[in-house]
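**Q** Here is a sequence with its predicted model. Questions after.
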Amino acid sequence: MDLEQKQRPLGRPRQNKNTKSTKETILEVATRLFLTQNYQVVSMDEVAKVCGVTKATVYYYFSTKADLFTATMIQMMVRIRENMSQILSTNKTLEERLLDFAKVYLHATMDIDMKNFMKDAKLSLSEEQLTELKDAEDNMYEVLKKALDNAMQIGEIPRGNATFAAHAFVSLLSIGNFKDENHNPILTNIDELAQEIVSFYWNGLGH
């Protein structure tokens with residue numbers, strides 16, 4: 001994993017030395033606002049203010065808040081997919097690659113309850129927008145499924161349902177969002193949590 005991957009959160013926009021376009025700036029700001037607050041709280045006014053543009057400018061690129069949210073989430077999933085692809089295509093063992101990905105994913109999402117976050121937003125999206133998000137999500141899982149399927153083909157792990165295995169791994173990663181009644185995580189050290197999750201998952205794959 002290169003230095004940029006360690007420093008740049010998964011799914012967050014890449015910093016570009018060149019001037020960003022207005023649309024890119026809006027998407028970057030909106031992503032940050034949607035992830036740190038929630039869908040219902042964020043307004044187009046706030047996005048415009050933080051971007052330093054007029055509300056009319058935001059509406060020029062995105063007709064509704066739902067359109068803006070859909071665009072930000074698809075862009076985020078594309079970036080996650082690109083990071084997954086890069087991490088999972090190295091020459092390391094599958095277990096090592098899964099650990100690398102788990103660390104990056106957990107560091108990026110430790111303060112975001114993705115399940116409730118998406119559940120809240122989906123109430124306001126159209127069927128077409130939900131389909132777009134589902135397609136982007138499926139493409140994201142496809143990268144992991146392919147890596148697992150390849151490992152099954154060469155005998156690195158026992159044969160099984162690669163789709164199930166991919167979804168099971170991402171579901172385990174959601175443990176990173178768990179907090180007890182005092183808002184404390186299971187493990188405060190993210191790298192240790194990643195190791196625990198991958199070890200548990202790997203033992204499951206082997207049986």
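**A** Received the coordinates, thanks.

**Q** buried sites along stretch 198-207?
**A** Val198, Tyr201, Leu205 (16 or more other Cβ atoms under 10 Å). (C-beta placed from N, C-alpha, C; glycine too.)

**Q** model confidence over it, on average?
**A** For stretch 198-207, mean pLDDT rounds to 86.

**Q** got a list of contacts for that stretch?
**A** The contact list for stretch 198-207, computed with Cβ atoms under 8 Å, 6 or more residues apart in numbering, reads Glu95, Leu98, Leu99, Ala102, Ile157, Pro158, Gly160, Ala165, Ala168, Phe169, Leu172.

**Q** How far off centre is that stretch?
**A** Here stretch 198-207 shows a centroid-to-chain-centroid distance of 22 Å under the convention Cα atoms, centre = their mean, to the nearest Å.

**Q** does Leu125 sit in a helix, a strand or a coil?
**A** Of the three states, Leu125 takes coil according to DSSP: H, G, I helix; E, B strand; the rest coil.

**Q** Would you mind measuring from it to Met118?
**A** Remark: distance between Leu125 and Met118 (Cβ to Cβ, to the nearest Å) = 10 Å.

**Q** who has more neighbours, the two?
**A** Comparing Leu125 with Met118 by other Cβ atoms under 10 Å, the one with more neighbours is Leu125, at 20 against 14.

**Q** check contacts around the more buried one.
**A** Here Leu125 is in contact with Ala66, Phe69, Thr70, Leu133 (criterion: Cβ under 8 Å, 6+ apart).

**Q** helix or strand right after the stretch of helix or strand Asp120 belongs to?
**A** Element membership for Asp120, per DSSP states H and E: helix 114-122. Next in sequence after helix 114-122, counting helices and strands by DSSP H and E, comes helix 127-153.

**Q** I'd like to know which elements that next one is packed against.
**A** Applying 3 or more Cβ pairs under 8 Å, 6 or more residues apart in numbering; DSSP states H and E, we find helix 127-153 packed against helix 65-88, helix 94-109, helix 162-173.

**Q** Met140: which of these is closest?
**A** For Met140, the closest of those is helix 65-88, at 4.6 Å, according to Cβ to Cβ.

**Q** between the closest one and helix 127-153, how many degrees?
**A** 10 degrees (axes from the mean of the first three to the mean of the last three Cα atoms, to 10 degrees).
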